Every structure is written in structure tokens, then in C-alpha cells.
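In: A predicted structure for the sequence below; I have some questions about it.
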Amino acid sequence: MTSLNDLPLRDNLRGLTPYGAPQLHVAVALNVNENTHGIPDAVARDIVAAMTEAIRTINRYPDREFTELRESLARYLGHGLTRENIWAANGSNEVLQQVLQAFGGPGRSVLGFAPTYSMYSLLASGTGTRWIAGTRDADFELTPATATGWVDTVSPDLVFLCSPNNPTGTPLSLDTIAAVYDATDGVVVVDEAYAEFGPSGAPSALTLLPGRERLLVSRTMSKAFAFAGARVGYLAADPAVTDALRLVRLPYHLSALTQAAAIAALAHTAEMLAMVDDIRGQRDRLVAELAVLGYSPLRSASNFVLFGGVDDPRGTFEALLAEGILVRDVGIPGHLRVTAGTEAETSVFLTALAGLGQHSVVQPNKLLE
Ligand SMILES: *Cc1c(COP(=O)(O)O)cnc(C)c1O
């Protein structure tokens, strides 16, 4: 057994730490924005039946083109999309990695706007792509002027726009997305992992796809669909984009079991998404009650809330953990992030937080970096 530093590791990986949200067995886990509602029994039975069927031919490689799954996903997304527009992989993290493999790499760069999803910079280093952390406006918003200012200054090969943004919860206007697209010749990825939690009727970046062949909109079944453990993410884009991704994907990357499970789940979209309204309600409750407790929650269009005004984020994190409640310290000074759980979980969190007795003075949000 030797140490990592003694191995001939690639230079750009030296000193990095892997993605490492704690996986602890606690009563109330509100730290990685999972859907904390289980899937309905009847749907679970259907998924198991589909997987049982798939097992019978598991001696053969799966459909490399996952055609039926792409059709199901296109039907789910609507917006006139067909299977030619759809790509999928084992989680949207893998989709994003494939995008960087195809359009990034050594000598190329990807721009994002910090604080944002921590996996972007790790996927960049894993693919040898230079990560550039742009900044945001007050309250972690991102105006077209600020975003295009960064694009003009650093001329990135790719831009990752997270909407709503993790870990801040703030949605991005279509104006900002369209302005970034017009400002660059590169690939623009809009990560809509939390799209289903937005206000009903709020337009998705999917509406911008026609005529924009460098625009990619990524989604996941991990959050609203309560399917995090199955690992299914996908994107919608011009069919030429999916041709590019075929150049870098591993053959048969989506197992027959994954495909069967996802197709069966998508056949029950209404039941799978039934808890989304509930979760939105708990999210709004978190925003309201955190403010009453003297914290400063940010507006959120996702299933989590980032709140400022925390004097000692580490101490508060530890005190909640001692009561069996896991939240996320995302490293933004004075802030913590909490996922909207069931009504009971949300109550346990709010009661515990109130019991800690920090009714601090509201602090202005500080920008990270
Ligand atoms: C959770 C999350 C994802 C989803 O990742 P999967 O690999 O699909 O589970 C993607 N993007 C963001 C911003 C997320 O927060």
C-alpha cells in the first residue's frame, strides 16, 4: 500500500479532493437534494416486472442506442422533441462528462458562474478541460450583462449554466441564456436538474432549442422523479450533438436493467411526479419559516433552500447532525443548504434549528470567490 502522492498521477489531478458529500445513516437526510419520498408501491411493482423481463436476455448486450428510452424521454419532455434530439447516460453527471469529452479537453476551457454545482470543476479536471469560475451579481443572480461580460473576457469553449443553480436555488432567466448563446461560438449547456420544481408554467430552456444547434439542455431523473439510485440523466439538443456524444460514450453504457427501469418509471410519470407539488410546498415553507427565525433564505425554484445569516455554519451543521439531521455546508461563508423533505422531515429540521437559538442579525450575502 502506497500513498496517492507516490503514484504517477496526472499533474492536473494532484492535490484535488473527490466529490464527497457525507453519506451518513441519519433519521433526516436533507443534504444532497434527493426526493425524500419513496416511489409508490404499484409503480415499484411495474418497474420490477420490467427488470425481471430484461433479465431473461441479459446474456446479450443491451440496445446500444437505447431507442425506446429516448422515445420515452422525448415524449416526457414534449416541446416537439423526438428521439433524435435525446441522449442519456448513467446520471446527468455522465452526460456532462461526455459533453466535456466531446467539446472540451486539453487546450479548451469551460466557464461556469460560482458558486455553482461542485461537479463541474471536477468533471473539467477529469477531462483535462480548464475550469473558469465566473462571478454572479447580488443574491447570486446572473444578469445577461454579467454573464456575457465573462464570455467576452475569457472566450470559453463551453459555458455551463445551472438553472435553477445549485447550491443557491436561483433560477436563470431565458434572457441570460439567450444572451450567453449569442455571445459565444462555443457549446452552451443549461443544467436543468431541478426544472420540475419551478413555478408551473415557467418556461424551460427547451423552448430556446429551435435554431440553436450549440445549445444543450440537460435533465435528470434523480430529483423530481425520485430515481437517484437508478442513475439516469439525459439531454435534449440538435441531433448532431448526439452524433458527437456517440464518439465518446462507452459502447452499451446504459445497462439493459437501467433502460428497463427508466422506461417503466416514465410510463408512470404522473405517479412519479405526484410528490413534486408537496415538495414545492415544503420548499416555500422553509423560505418563509427560515426568515421568521431570523435567517436570510434565497429565492428558490428547486427542492432546496440556501440560507444566509448563519454565524457558524460548521457549528450549526454539527449541532443538527447530533440530532440526526444532515444538511449541507457548501462552503459559502455564513450559509447552509437544506433540502425540502417530507412535511415531517421539514418540521424536524425547523424545530431543531429554532431550538439552537441563533436568532442572528441578517448578514448581507457574501459572494464566494
Ligand atoms: C443533482 C444534480 C445533478 C444530477 O446528477 P445525476 O448524475 O443525474 O444524479 C445534476 N446537476 C445538478 C446541478 C445537480 O444538483
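Out: Thanks, I have it.

In: what about the closest residue to the ligand within the chain, how many residues nearby?
Out: Closest approach between the chain and the ligand, counting by CB to the nearest ligand atom: residue 91, at 2.6 Å. C-betas here are computed from N, CA, C, even on glycine. When counting by other CB atoms under 10 Å, one arrives at 21 neighbours for residue 91.

In: if I pick it, what's in contact with it?
Out: 220, 222, 231-233 (CB atoms under 8 Å, 6 or more residues apart in numbering).

In: and what of residue 217?
Out: Contacts for residue 217 (CB under 8 Å, 6+ apart) come out as 189-190, 192, 204-206, 209, 235-237.

In: turn those into a markdown table, including distance to the ligand.
Out: Listed next are these as a markdown table, based on distance: CB to the nearest ligand atom, whole Å:
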| residue | distance to the ligand |
| --- | --- |
| 189 | 10 |
| 190 | 11 |
| 192 | 9 |
| 204 | 15 |
| 205 | 14 |
| 206 | 16 |
| 209 | 19 |
| 235 | 11 |
| 236 | 14 |
| 237 | 16 |
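
In: what does the stretch 51-200 of the chain put close to the ligand?
Out: Within reach of the ligand by CB under 6 Å from any ligand atom, the stretch 51-200 of the chain has these residues: 91-93, 117, 162, 166, 191, 193.

In: in this structure residue 308 contacts residue 290, no?
Out: No: Residue 308 lies out of contact with residue 290 (CB atoms under 8 Å); the separation is 9.6 Å.

In: anything in contact with each of the two?
Out: Shared between the contact lists of residue 308 and residue 290 (criterion: CB under 8 Å, 6+ apart) are residues 296-297.

In: all helices of the stretch 51-200 of the chain, in order?
Out: Residue ranges of the helices in the stretch 51-200 of the chain, as given by DSSP state H, counting those that start in this stretch, are 67-77, 92-103, 119-126, 144-154, 174-183.

In: and those helices, which is most packed in?
Out: Mean neighbours per residue, mean count of other CB atoms under 10 Å, is largest over these for helix 92-103, with a mean of 23.

In: okay, now the domains of the protein?
Out: Described in terms of automatic domain parsing, the domain architecture of the chain consists of the residue ranges 21-37+275-355, 41-271.

In: what are the bridge partners for residue 306, then?
Out: The residues paired with residue 306 through beta bridges, assigned by DSSP bridges, are residue 337.

In: as TSV, the domains of the chain with mean pLDDT and distance to residue 14 would be great.
Out: Supplementary listing: the domains of the chain in TSV, determined by pLDDT from 0 to 100; distance: least, CB to CB, whole Å:
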stretch	mean pLDDT	distance to residue 14
domain 21-37+275-355	96	21
domain 41-271	97	10
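
In: quick one: list the elements packing against the longest helix out of those in the chain.
Out: Longest helix of the chain, by residue count under DSSP state H: helix 276-292. Here helix 276-292 is seen to pack against strand 296-297, strand 304-308, helix 343-356 when contacts are counted using 3 or more CB pairs under 8 Å, 6 or more residues apart in numbering; DSSP states H and E.

In: will you turn these into JSON lines that also has distance to the ligand and mean neighbour count?
Out: Rendered in JSON lines, the data for those read as follows (distance: least, CB to the nearest ligand atom, whole Å; neighbours: other CB atoms under 10 Å):
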{"stretch": "strand 296-297", "distance to the ligand": "18", "mean neighbour count": "20"}
{"stretch": "strand 304-308", "distance to the ligand": "9", "mean neighbour count": "25"}
{"stretch": "helix 343-356", "distance to the ligand": "18", "mean neighbour count": "17"}
